[in-house]
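S.K.: Following is a predicted model, sequence given first.
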Amino acid sequence: MPNICDYEGSNYREEFWEKGNRSYEDLAERVALRRLLPPTGEALMEIGAGFGRLADLYSSYRQVILLDYAMSMLEDAQRFWGKDPRFTFVAANLYHLPFAPGIFQTIVMVRVLHHIQDVPAALTGIRQVLADDGVFVLEHANKRNLKAIIRYLLRKQDWDPFDHDPVEFVPLNYDFHPTWVREKLESAGFAIRDSLAVSHFRHGVLKRHFPPWFLARADGAVQRMGAIWKLTPSIFLRAEPAGAKAGIPTPKAPVPPEELFRCPECGGRVEKADGGLQCVECGHLWPLEGGIYNFR
Ligand SMILES: C[S@@+](CC[C@H](N)C(=O)[O-])C[C@H]1O[C@@H](n2cnc3c(N)ncnc32)[C@H](O)[C@@H]1O
């Protein structure tokens, strides 16, 4: 089983976003997501949703599933979104997605791939739970970014940004080459339909001199053209199942829990039981804890 970058108990929201001077990155990512996401839809899942930073962008979806490995992240997300009946909170490992095949119209994964040790396994699992007419919006950290190229040429960095293999710059933190990500997506049954280069202006000097909204607007103006060269630290992709148009279309949402979930241990159907959901095949009880389905 691949190792997991565990955020349980971390103060990611406060330390990374609120104190980390990252309003520009947040706004630029929202511009990209708005462009790539189908504006409305049935069931959407965000994988590694954290505290639900981006969840306001899903307001036109009938059902929203926020999945994360860390319970504490989901509890934080609940504080913002817990009163909205369209939201379901799921604690699970993305290598064992506890869902019925083809159940989601849209899947989003932002700032998560860089923690994934076994990308092919993760993408294969995601393809299984995405409808044949669905959309997968994926962000990945780009190893061939301008800063890495300059550092490499000045011999301040030992890894080669042009080499296609992922680089693990600290344990469980990877940067990926765009070509490598495309190959892995294709092997998992996806075709890339659109791509955007994001965070062109992620630089301390620029962030000190220009307001976040200005940099984000400028970033938005060049995201599409920048995707030709892909020299930014972050790449957003819109991928769709390859050649599956004649397949099973997305089910109508909201999908009830018995239809939405499958046992992550054996793939069996589940039914409501005291305290949670029980697998009708292996009998495993998956608890519902404080409004969070726990499949860990
Ligand atoms: C850097 S945070 C990004 C959070 C959110 N997507 C955002 O952009 O604000 C990465 C998230 O991925 C989650 N994560 C990492 N490995 C995971 C796994 N194997 N299964 C599910 N979630 C995972 C972490 O718990 C964490 O909340």
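M.R.: Happy to help now that I have it.
S.K.: From here on, just use CA atoms for contacts and neighbour counts.
M.R.: Fine.
S.K.: How about residues contacting stretch 204-217?
M.R.: The contact list for stretch 204-217 (CA atoms under 8 Å, 6 or more residues apart in numbering) reads Ser23, Tyr24, Glu25, Leu27, Ala28, Val31, Ser199, Phe201.
S.K.: Put together CSV for those, with neighbour count and distance to the ligand on each row.
M.R.: CSV is the format used below for these (neighbours: other CA atoms under 10 Å; distance: CA to the nearest ligand atom, whole Å):
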residue, neighbour count, distance to the ligand
Ser23, 18, 12
Tyr24, 22, 13
Glu25, 22, 10
Leu27, 20, 12
Ala28, 25, 12
Val31, 18, 14
Ser199, 26, 14
Phe201, 19, 18
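S.K.: Against which helices or strands is the lengthiest strand in the chain packed?
M.R.: Of all segments of type strand in the chain, defined using DSSP state E, the longest is strand 130-141. Counting contacts by 3 or more CA pairs under 8 Å, 6 or more residues apart in numbering; DSSP states H and E, strand 130-141 packs against strand 104-109, strand 173-175, strand 234-241.
S.K.: for those, which one sits closest to the ligand?
M.R.: Across those, the ligand has its closest neighbour in strand 104-109 (6.3 Å, CA to the nearest ligand atom).
S.K.: Tabulate the CA atom coordinates of the closest one in CSV.
M.R.: Coordinates of each C-alpha in strand 104-109 appear next as CSV, following Å, rounded to 0.1, in the frame of the first residue of the first chain:
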residue,chain,number,x,y,z
PHE,A,104,-19.8,11.0,-10.6
GLN,A,105,-20.3,13.5,-13.3
THR,A,106,-17.4,15.6,-12.2
ILE,A,107,-14.3,14.9,-10.1
VAL,A,108,-11.9,17.6,-9.0
MET,A,109,-8.4,17.1,-7.5
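S.K.: average pLDDT across it?
M.R.: Strand 104-109 shows a mean pLDDT of 97.
S.K.: That strand: how far from the chain's middle?
M.R.: The chain centre lies 8 Å from the centre of strand 104-109; the measure is CA atoms, centre = their mean, to the nearest Å.
S.K.: now it and strand 234-241, what's the angle there?
M.R.: On the basis of axes from the mean of the first three to the mean of the last three CA atoms, to 10 degrees, strand 104-109 is oriented at 160 degrees to strand 234-241.
S.K.: Residues contacting strand 104-109, please?
M.R.: The contact list for strand 104-109, computed with CA under 8 Å, 6+ apart, reads 37-38, 41-49, 129-131, 133-139, 250-251.
S.K.: Residue numbers of this protein in contact with the ligand?
M.R.: 4-7, 48-50, 53, 68-70, 92-94, 110-112, 115 (CA under 6 Å from any ligand atom).
S.K.: List the residues that contact the residue nearest to Pro39 when sequence neighbours are not counted.
M.R.: Using CA to CA, 6 or more residues apart in numbering and skipping the chain neighbours, the partner closest in space to Pro39 is Ser60 (6.8 Å). Neighbouring residues of Ser60 by CA under 8 Å, 6+ apart: Pro39, Thr40, Gly41.
S.K.: could you redo the last one with a cut-off of 10 Å?
M.R.: Residues near Ser60 by CA atoms under 10 Å, 6 or more residues apart in numbering: Pro38, Pro39, Thr40, Gly41, Glu42.
S.K.: Can you tell me the element the second one falls in?
M.R.: With elements taken from DSSP states H and E, nothing contains Pro39; it lies in neither a helix nor a strand.
S.K.: Number the residues from 561 up from this point.
M.R.: With 561 as the first residue, the last one maps to Pro599.
S.K.: That one: how many residues sit nearby?
M.R.: 13 (other CA atoms under 10 Å).
S.K.: Check Met605 too.
M.R.: With neighbours defined by other CA under 10 Å, the count for Met605 comes to 26.
S.K.: Does it touch Arg622 like I think?
M.R.: No: assessed by CA atoms under 10 Å, Met605 is found out of contact with Arg622, at 11.2 Å.
S.K.: what touches both of the two?
M.R.: Contacts common to Met605 and Arg622, judged by CA under 10 Å, 6+ apart, are Phe647.
S.K.: Doesn't Phe774 lie inside a helix?
M.R.: Yes: assessed with DSSP: H, G, I helix; E, B strand; the rest coil, Phe774 lies in a helix.
S.K.: so Ile686 is in which element?
M.R.: Using DSSP H and E, Ile686 falls in helix 679-689.
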